[in-house]
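J.: Dropping a prediction and its sequence here:
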Amino acid sequence: MLDPLKNDLKDAIRYPFLDWKIILITGGLLFAITILNKSDMSKIGLAISLLKSLDFSNLNQNRIIPIITSVLVFVEIGYGSRIVFKGLLGENKPPQYNKLKKLIWEGFKKYCIILIYGIVMTFLFNYAKSYFLADNIPLAIIFLIMFIFVYMTLIGAILNRYENDGKFFKAFDYNEIFRLLKDYGAKYVITILICAVIAQTFTVSCFVDIAPNTLSLLEIGISILTFFLAPITAISTKRLVSLNLRRVYDEKDRKLKSDKKDYF
C-alpha cells in the first residue's frame, strides 16, 4: 500500500526539476505577487481591492497594482489546474506557460469558486471559534464539522470540474460532487486534501516580508531559498494530486467526460 505512495512522492519531487525554466517563472510569479500584494494575501482582501480598482476613468498606481496582482494570481492558479489536468491525461513533464488567456480565465473561475466556498467556511469557522471561547463545546464541534464538510465539498467541486472541461457550474453540481467523492474513496480524497492544504498554506506563507532598508544577510538568504522552494512545493503538490487522480482513474476505470484535451 505504501509503495505506490512512495513512488508518487518520488515522481512529484522530481517533476519540477524536469524544466528549470518553469521553476524560475513560477518563483518569479509568486515573488511578484508577494511584493505587489504586501498588505493582504487573503482571497477576500484581494477580491475587494480588485473591485475597488475597476474604475478605469482615473487609473493610478493604487488602482493598477490590484489589477496586475489579480492577473498574476489568476495565471498562477490557472497553471496549477493545467498541471493537474495534463497529468491526468498522462503527460509527465511540466506544461508550459503558454495560452495565457486560458490560464487567466481558468484562474479567475477557480478563484471565484474558492472565494464562494471560502466565505461560507469563514463564517462557519468564526462561529466555531466564538462558541469554543464561550465554552459551548457541542456547538463549536458542530460548526467545526460543518466547516470540514464544506472544505471537502470544495475539493470535490474542483475535482468535478476536471472531469467536465472546467465548467464553472460543475463546481456546484452537488449530486455529481458527492457521487465523485464516494467513488474516489476516503484514501484518495484524504491524500488530495493533504496536498491541497500543503500547496495553499506553504506557497502563501513561506515568503518573508521584504523591507529594503532593513534587509539582513539572513533575510536575503531566506528570500533566495524561498524563491526556489515555494514554486517547487507548489508544482510538486499539484503533480501529486494529478498522480492520485490518475491512479483513481486506472483503478476504477473512470474516463474524462469529453475529449477536449487542450481545454487547460
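T.: Good, I have the coordinates.

J.: what's the next secondary structure element after the helix or strand of the chain with the lowest mean pLDDT?
T.: Least confident element among the helices and strands of the chain, by mean pLDDT, DSSP states H and E: helix 43-52 (a mean of 52). Next in sequence after helix 43-52, counting helices and strands by DSSP states H and E, comes helix 61-88.

J.: buried sites along the helix or strand just after that next one?
T.: Using DSSP H and E, the helix or strand that directly follows helix 61-88 along the chain is helix 100-133. Buried residues in helix 100-133, counted by 16 or more other Cβ atoms under 10 Å: 102-104, 106-111, 113-114, 117-118, 121, 124-125, 127-128, 131. (Each C-beta comes from the backbone N, C-alpha and C, glycine too.)

J.: before we move on, what about stretch 160-171?
T.: 160-164, 166, 170-171.

J.: Just the terminal-to-terminal distance for it.
T.: From its first residue to its last, stretch 160-171 covers 6 Å (Cα to Cα, to the nearest Å).

J.: I'd like the mean pLDDT over that stretch, please.
T.: For stretch 160-171, the mean pLDDT works out to 86.

J.: now it: how far from the chain's centre is it?
T.: Stretch 160-171 sits 15 Å away from the centroid of its parent chain (Cα atoms, centre = their mean, to the nearest Å).

J.: same question, stretch 125-141
T.: That offset, for stretch 125-141, works out to 28 Å (Cα atoms, centre = their mean).

J.: model confidence over it, on average?
T.: Stretch 125-141 comes out at a mean pLDDT of 91.

J.: what's in contact with that stretch?
T.: Outside stretch 125-141, the residues within contact range by Cβ atoms under 8 Å, 6 or more residues apart in numbering are 143-144, 147.

J.: follow-up on the earlier one: with distance to Leu72 added, can I get the buried residues of stretch 160-171 in TSV?
T.: Formatted as TSV, the buried residues of stretch 160-171 follow (distance: Cβ to Cβ, whole Å):
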residue	distance to Leu72
Asn160	27
Arg161	22
Tyr162	23
Glu163	28
Asn164	27
Gly166	20
Lys170	26
Ala171	23
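
J.: Mind checking which of the residues you listed are in helices?
T.: 160-162 (DSSP state H).

J.: Going by distance to Pro94, which of those wins?
T.: Tyr162 (17.4 Å; Cβ to Cβ).

J.: contacting residues for that closest one?
T.: With contact set as Cβ under 8 Å, 6+ apart, Tyr162 has these partners: 81, 84-85, 88, 245, 256.

J.: run the last query once more with 6 Å
T.: Phe85 (Cβ atoms under 6 Å, 6 or more residues apart in numbering).

J.: Point out where the stretch 1-150 of the chain drops to low pLDDT.
T.: Within the stretch 1-150 of the chain, the stretches with pLDDT under 70 are 1-4, 37-63.

J.: Can you classify Asp8 as helix, strand or coil?
T.: helix (DSSP: H, G, I helix; E, B strand; the rest coil).

J.: Count residues in the vicinity of it, would you?
T.: Neighbour count for Asp8, taken as other Cβ atoms under 10 Å: 19.

J.: What's the separation between the nearest residue to it once chain neighbours are set aside and Asn98?
T.: Counting by Cβ to Cβ, 6 or more residues apart in numbering, Leu243 is the residue found nearest to Asp8 once chain neighbours are left out, at 4.5 Å. When Cβ to Cβ, to the nearest Å is the yardstick, Leu243 and Asn98 sit 23 Å from each other.

J.: So the two - more neighbours on which side?
T.: Between Leu243 and Asn98, Leu243 has the larger neighbour count (other Cβ under 10 Å), namely 24 against 8.

J.: What's the per-residue pLDDT of that one here?
T.: For Leu243, pLDDT reads 86.

J.: how near is it to Ile235?
T.: For Leu243, the distance to Ile235 - Cβ to Cβ - is 13 Å.

J.: can you tell me how far the residue lying closest to Gln96 once chain neighbours are set aside sits from Glu76?
T.: Of all residues not flanking Gln96 in the chain, Ile22 sits nearest, at 7.6 Å (Cβ to Cβ, 6+ apart). Distance check for Ile22 against Glu76: by Cβ to Cβ, it reads 12 Å.
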